[in-house]
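Asks: coordinates only, sequence not included:
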């Protein structure tokens, strides 16, 4: 029999009498729904948001008499009777350094005082990590944990409020100006991560109010752990680094085009630097269009066959890189200061019947207009936009993004050429009647697909 909303709230009311142990209540991990379809967990998250002052203010602070830093925490031995989470914590401690969270400096950090009866049942911090004036309290959950993300969030936050932050920093000889942050630390594609992919607005609001940002763990076949931020990642392919990129998907110009500071090589380096993680700047942008934790199929030097779509015979559009998931197709164009191609008028002037058919078809798709009315646009922007739309349409997607990545390595580009490209992009956005949104542009087209545009400059 399903609980009612009122019953769940009554449980919350009773548990909130002792906020320090609220996170331990069994109903925090209930996974069902009310008869009306509400998730129990969302009702609890909503309750926490609406009783935030009571929750935060009611957690008892414990100033530990002994040091927080335990001398025996060397990672050299793991007791045979340790819980799986403790064993994982030691393995992660021994690996030491990770993207996003920096250096792991301790595990199973104690919080309670032995002689204080009131702190009976107080837990331990699974992991501490330090990076750039930030100390992360990491609340670890093993891969098959059935605990909810909300439990993880509330437990970590309770530990944050329980500890004496100033003493903790002093014991580990960290600057007193260091920010102390609590973070769920859970495995990729497990229960907690899967909940983050779902429509759970109250959970996400609670996390925002409690300043609780999740990090995701992936264990590779060689036993090493990787940490991901929003867990947006590339699905495994044979391209894993800059060398395999060149070996499998070399640019059309081959070695002549493969130079430091130039777009072909720098794009490959940028896209694979933290493989399988999606580069952070791209991840931050894509979070506006798709969910955290998304996996992307991807490829380099990917060709859209225009002939397949009735846009004339001959070579198709060559995407420098492409990414796609169940929400969006992303066509990526890499640039240093290379031009965006000829003007459309120049292409029309030398075009035969086949190419004119292609140009007319692309302009119709983008503008529902005649090609001669857009002679001052760069041809590459037109082919790239069209191909990105067609690839989204082919996959029955409602969103397409043309992303231009500009790589700026000192001594490898001319500022006036960068400015020329910027002017050409502005002209294109103006003629397409693009509307500026939250850090990107939305381009209206004749199709039912939402076409977006974004340029990101990357200082090397």
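Replies: Yes, it's here. In this text, all values refer to a predicted model and were calculated from it rather than measured experimentally. Residues are numbered from 1 along each chain as shown.

Asks: quick one: mean pLDDT for the helix or strand where residue 167 lies?
Replies: Secondary structure assignment for residue 167, by DSSP states H and E: helix 165-171. What helix 165-171 shows for mean pLDDT is 95.

Asks: just give me how far it sits from the chain centre.
Replies: Centre-to-centre, helix 165-171 and its host chain are 31 Å apart (CA atoms, centre = their mean, to the nearest Å).

Asks: next SSE downstream of the lowest-mean-pLDDT helix or strand in the chain?
Replies: Ranked by mean pLDDT, DSSP states H and E, the weakest helix or strand in the chain is strand 233-234, scoring a mean of 81. Following strand 233-234 in sequence order, the next helix or strand is helix 242-248 (DSSP H and E).

Asks: so for whichever helix or strand comes after that next one, what gets flagged as buried?
Replies: Moving toward the C-terminus from helix 242-248, the first helix or strand encountered (DSSP H and E) is helix 263-272. Judged by neighbour count using 16 or more other CB atoms under 10 Å, the buried positions of helix 263-272 are 263-268, 270-272. C-beta: built from backbone N, CA, C; applies to glycine.

Asks: same check on stretch 128-146?
Replies: 128-130, 135-142, 145.

Asks: most widely separated two among those?
Replies: Farthest apart among these by CB to CB are 130 and 145. That separation is 25.1 Å.

Asks: report the secondary structure state of residue 333.
Replies: Under the three-state scheme (DSSP: H, G, I helix; E, B strand; the rest coil), residue 333 adopts strand.

Asks: right, and it touches residue 320 too?
Replies: Yes - using CB atoms under 8 Å, residue 333 is in contact with residue 320, at 5.6 Å.

Asks: list residues touching both of the two?
Replies: Contact criterion CB atoms under 8 Å, 6 or more residues apart in numbering; residues shared by residue 333 and residue 320: none found.

Asks: right, and residue 386 touches residue 359 too?
Replies: No - using CB under 8 Å, residue 386 makes no contact with residue 359, being 9.9 Å away.

Asks: what residue ranges in the stretch 1-150 of the chain score low on pLDDT?
Replies: Where the stretch 1-150 of the chain drops to pLDDT under 70, the residues are 1, 79-82, 114-121.

Asks: mind listing the helices for the stretch 51-200 of the chain?
Replies: 52-57, 84-95, 149-162, 165-171, 191-197 (DSSP state H, counting those that start in this stretch).

Asks: now the first one: buried residues?
Replies: It refers to helix 52-57. Buried residues in helix 52-57, counted by 16+ other CB under 10 Å: residue 55.

Asks: how about residues contacting it?
Replies: Helix 52-57 is contacted from outside by 16, 19, 22, 48, 161, 209, using CB under 8 Å, 6+ apart.

Asks: ok, the fifth one - how many residues close by?
Replies: When counting by other CB atoms under 10 Å, one arrives at 19 neighbours for residue 161.

Asks: what segments of the stretch 1-150 of the chain are strands?
Replies: With DSSP state E, counting those that start in this stretch, the ranges of strands along the stretch 1-150 of the chain come out as 97-98, 102-110, 124-131, 134-140.

Asks: closest one to residue 35 among those?
Replies: Evaluated over these, closeness to residue 35 peaks at strand 134-140, with 32.3 Å, by CB to CB.

Asks: now do that closest one against helix 149-162, angle only.
Replies: Interaxial angle, strand 134-140 versus helix 149-162 (axes from the mean of the first three to the mean of the last three CA atoms, to 10 degrees): 130 degrees.

Asks: quickly run through the sheet partners of strand 134-140, with directions.
Replies: strand 124-131 (antiparallel), strand 179-187 (parallel) (DSSP bridges).

Asks: how far is that strand from where the chain is centred?
Replies: Worked out by CA atoms, centre = their mean, strand 134-140 lies 18 Å from the chain centre.

Asks: need phi/psi at residue 69.
Replies: phi -90, psi 120 (degrees, to the nearest 10).

Asks: next: residue 441.
Replies: Residue 441 adopts backbone torsions of phi -120, psi 140, taken as degrees, to the nearest 10.

Asks: thought it was touching residue 428?
Replies: No - with contact defined as CB under 8 Å, residue 441 and residue 428 do not form a contacting pair (9.6 Å).

Asks: those two - which one has more neighbours?
Replies: A count of neighbours by other CB under 10 Å puts residue 428 above the other of residue 441 and residue 428, at 24 against 18.

Asks: centre of the chain versus stretch 170-177, how much separation?
Replies: A distance of 30 Å separates the centroid of the chain from that of stretch 170-177, by CA atoms, centre = their mean.

Asks: contacts for it, please.
Replies: 67-69, 105-106, 128, 130, 133, 135, 166, 169.

Asks: what is the nearest of those residues to residue 416?
Replies: Among the contacts of stretch 170-177, residue 133 lies closest to residue 416 (CB to CB), at 39.1 Å.

Asks: leaving out the residues flanking it, which one is nearest to the closest one?
Replies: Distance criterion CB to CB, 6 or more residues apart in numbering; nearest residue to residue 133, sequence neighbours excluded, is residue 178 at 5.3 Å.

Asks: for residue 187, same thing?
Replies: Residue nearest to residue 187 in three dimensions, not counting chain neighbours: residue 143, with 4.5 Å by CB to CB, 6+ apart.

Asks: which residues does the one you found contact?
Replies: Neighbour list for residue 143: 187, 190, 219 [criterion: CB under 8 Å, 6+ apart].

Asks: how about it, phi and psi?
Replies: Torsion angles, degrees, to the nearest 10, at residue 143: phi -60, psi -40.

Asks: quick check: it vs residue 125, distance?
Replies: To residue 125, residue 143 is 20 Å away according to CB to CB, to the nearest Å.

Asks: what do you get for residue 340?
Replies: Residue 340 sits 52 Å away from residue 125, going by CB to CB.

Asks: which of those two has more neighbours?
Replies: Using other CB under 10 Å as the criterion, residue 340 and residue 125 rank with residue 125 on top: 25 against 20.

Asks: tell me the domain boundaries of this structure?
Replies: 19-228, 233-459 (automatic domain parsing).

Asks: do you know which of the ones you listed lies nearest residue 8?
Replies: Closest approach to residue 8 among those is made by domain 19-228 (4.6 Å; CB to CB).

Asks: how far off centre is that closest one?
Replies: Between the centre of domain 19-228 and the centre of its chain there are 20 Å (CA atoms, centre = their mean).

Asks: do stretch 441-456 as well
Replies: Its chain's C-alpha centre lies 21 Å from the corresponding centre of stretch 441-456 when counted by CA atoms, centre = their mean.
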